[in-house]
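Colleague: Quick one, what's the 3D model for this:
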Amino acid sequence: MIALVATATTQPAQANVATIGRTWPIAEPDALAEIEARAARQPTDIAQNFGPRANWSAMQAASLGIATLAQTRSVIPFYTLDFDIKLPDGTMLYPKGYTFNPLTYVSLPQRLVVVHPRDLGWALRTARPADFILLTAGDALALGEKVGRPLFILEERVKDRLGLTVAPVIVAQAGQRLLLTEVPPTREPQQVVR
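Modeller: Numbers count the residues shown, from 1 in each chain. Just a heads-up that it's a prediction; the model follows:
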């Protein structure tokens with residue numbers, strides 16, 4: 001269909017519609033209506049079907065030791081392809097086994113502040129608004145609601161990829177490498193968020 005629209009500054013828009021060529025009715029069901037119907041059939045509290053949040057595998061954080069020494073080290077997060085990447089015509093773009101540094105192509109716009117839950121108060125004072133705070137234990141969702149800031153869990157694959165062994169640690173990009181600054185915690189009993 002082609003729509004021709006004529007407008008005037010003093011009158012509302014008007015349109016003349018003409019059909020050119022053959023048309024058929026839409027045979028597919030309305031996707032939005034299907035989604036809304038399925039959502040309406042779901043229980044209001046689906047969380048009860050999954051048990052306590054503490055038992056969810058997605059909520060299991062990677063554990064780390066406690067930083068005892070202030071030190072900074074760097075990591076180049078090389079990645080090795082475990083499959084070939086080919087163009088649609090079959091031309092090889094990158095072969096399996098190709099190793100590269102993702103930081104050559106992208107930037108990490110925020111820092112990662114990795115802490116034990118007992119050091120969350122320090123992390124909240126230290127982190128910039130755009131930084132991600134990752135917890136090594138605890139319920140990141142509940143703590144995030146309590147402190148009014150999104151919190152995340154430290155995943156095992158992130159721990160392994162960055163070679164993390166202790167926390168607190170701040171991960172920041174410096175050129176084409178990551179700087180990991182390990183910070184021994186200072187204990188301030190009244191300021192720690194539990």
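Colleague: going forward, measure contacts and count neighbours with C-alpha atoms only.
Modeller: Will do.
Colleague: Let me know the pLDDT of the closest residue to Ile76 other than its chain neighbours.
Modeller: Spatially, and ignoring its direct neighbours in sequence, Ile76 is nearest to Arg177 (4.7 Å; CA to CA, 6 or more residues apart in numbering). At Arg177, the predicted lDDT confidence score is 95.
Colleague: Measure how buried Arg177 is and give me the count.
Modeller: The tally of other residues near Arg177 (other CA atoms under 10 Å) stands at 17.
Colleague: Run through the residues that contact Thr72.
Modeller: Residues near Thr72 by CA atoms under 8 Å, 6 or more residues apart in numbering: Leu179, Leu180, Thr181, Glu182.
Colleague: I'd guess it is in a strand, am I close?
Modeller: Yes: judged by DSSP: H, G, I helix; E, B strand; the rest coil, Thr72 forms part of a strand.
Colleague: outside of the lengthiest helix in the chain, which residues touch it?
Modeller: The helix that spans the most residues within the chain, counting by DSSP state H, is helix 31-40. For helix 31-40, contacts defined as CA under 8 Å, 6+ apart pick out no residues.
Colleague: Which strand residues bridge the residue nearest to Ile76?
Modeller: Per DSSP bridges, residues listed as beta-bridge partners of Arg177: Ala174.
Colleague: Over to Thr99?
Modeller: In beta-bridge terms (that is, DSSP bridges), Thr99 pairs with Thr80.
Colleague: What's the local residue count around it?
Modeller: Thr99 has 13 neighbours, counted by other CA under 10 Å.
Colleague: now it: how far from Ala167?
Modeller: Using CA to CA, to the nearest Å, we find Thr99 at a distance of 29 Å from Ala167.
Colleague: got it, and Ala27?
Modeller: Taking CA to CA, one finds Ala27 at 57 Å from Ala167.
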